[in-house]
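Visitor: I'll drop the sequence and a predicted model, then ask my questions.
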Amino acid sequence: MFKEFLFTILISMVPVIELRGAIPYAVGAGLPVWAAMTAAIIGNMIPIPFIILFIRRIFAFLRVKSKHLDKFITWCENKAAKKSKIVYRYELIGLMVFVAIPLPGTGAWTGALIAALMDIRLKSAIPMVFLGVVIAGVIMCILSYGVKMLFAV
């Protein structure tokens, strides 16, 4: 069980996959719901403070290093800007809702990027991202474990 718990943490740290992919993995690996949820939340939250604090400096450094990276960073910033309308409109609650929606292109990584680009302070952004991750985790657990129960013989 420890190996599956650790893998769930690692999977939930991966951008795009995040908690939305880690919880279904945990279900397939046989973790109980509490373990899946705990591991996925821990893993999903580990990179968030670093993204909020350092992503602008990292982007600035990478832009200087390569034109290809500059294009990629511009693409990332534009994508985050497009997705940030709800955050601009509803501010911190919007950030929480954005992170909580378990759809592609939303989640903690994009939410943290939006928070960094909007200059939302770490102490304000972290609780909202955390609440969004917990809500997304509950939704994914209901979906994942519910589907498992439908097919249990």
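Guide: It's in. Numbers count the residues shown, from 1 in each chain.

Visitor: dihedrals phi and psi, residue 13?
Guide: phi -80, psi -10 (degrees, to the nearest 10).

Visitor: contacting residues around the residue positioned nearest the centre of the chain?
Guide: What sits nearest the mean C-alpha location of the chain, by C-alpha atoms, centre = their mean, is residue 108, with 2.5 Å. Residue 108 sits next to 18-19, 44-45, 47-48, 99, 129, 132-133 when contact means C-beta atoms under 8 Å, 6 or more residues apart in numbering. From N, CA and C alone the C-beta is placed, and that goes for glycine too.

Visitor: repeat that for residue 109.
Guide: Going by C-beta under 8 Å, 6+ apart, residue 109 touches 15-16, 18, 47-48, 51.

Visitor: rerun that using 10 Å as the cut-off
Guide: Residues near residue 109 by C-beta atoms under 10 Å, 6 or more residues apart in numbering: 13-18, 44, 47-48, 51, 55, 80, 99, 129.

Visitor: show only the entries of those found in helices.
Guide: 18, 44, 48, 51, 55, 80, 99, 129 (DSSP state H).

Visitor: how many other residues sit next to the closest residue to residue 114 other than its chain neighbours?
Guide: Distance criterion C-beta to C-beta, 6 or more residues apart in numbering; nearest residue to residue 114, sequence neighbours excluded, is residue 84 at 4.5 Å. As a burial measure, residue 84 scores 20 neighbours (other C-beta atoms under 10 Å).
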